[in-house]
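Visitor: Sequence plus predicted model, see below.
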Amino acid sequence: MTVSLKHAFASAKADGADSTLVQPSNWNAEHTLQLATNRLLGRTTAGTGVVEEISVAGSLTLAGGVLTGTGGGSPNLDGGTPTSNYGGITAIDGGTP
């Protein structure tokens, strides 16, 4: 999946002669999102709001676009009983992660 960020409004006007001004083509263009290394986009702050960078740490690694759980452990994710461990990612109630 590719993340896309564009304005909801797209101008039909042509660019003007003054290149020092924001042009309609700048407004309409796909915007670039920048993100630090080993971060994911999400939200940890309660409630609805802006997207935040989430650090990848502990028993998780992010390499080549793949998030991997390493090590062991049996986190209790939803109050259920951890039943299966898949490379450090625990399935609850016998499911597969």
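Guide: Arrived safely, thanks for sending.
Visitor: show me where pLDDT drops low in this structure?
Guide: Along the chain, the parts satisfying pLDDT under 70 run over 1-2, 71-97.
Visitor: what ranges do the strands span in it?
Guide: 39-42, 52-55, 60-63, 66-69, 82-86, 89-92 (DSSP state E).
Visitor: Provide the strand pairings for the first one, with the direction of each partner.
Guide: Based on DSSP bridges, the pairing partners of strand 39-42 within the sheet are strand 52-55 (antiparallel).
Visitor: Distance from the strand it pairs with to the middle of the chain?
Guide: 8 Å (Cα atoms, centre = their mean, to the nearest Å).
Visitor: Pull the residues that contact that strand.
Guide: Applying Cβ atoms under 8 Å, 6 or more residues apart in numbering, the contact partners of strand 52-55 are Leu35, Ala36, Asn38, Arg39, Leu40, Leu41, Gly42, Arg43, Thr44, Thr45. Bear in mind the C-beta positions are built from the backbone N, C-alpha and C, glycine included.
Visitor: what sits up against stretch 13-29?
Guide: Lys6, His7, Phe9, Ala10, Ser11, Ala12.
Visitor: which one of these sits closest to Val50?
Guide: His7 (16.3 Å; Cβ to Cβ).
Visitor: Compute the number of surrounding residues for that closest one.
Guide: 10 (other Cβ atoms under 10 Å).
Visitor: Can you pull the phi and psi angles for it?
Guide: phi -70, psi 150 (degrees, to the nearest 10).
Visitor: Identify the bridge partners of the residue nearest in space to the middle of the chain.
Guide: Taking Cα atoms, centre = their mean, the centroid of the chain lies closest to Leu41, which sits 2.6 Å from it. Note on Leu41: beta-bridge partners Glu53, judged by DSSP bridges.
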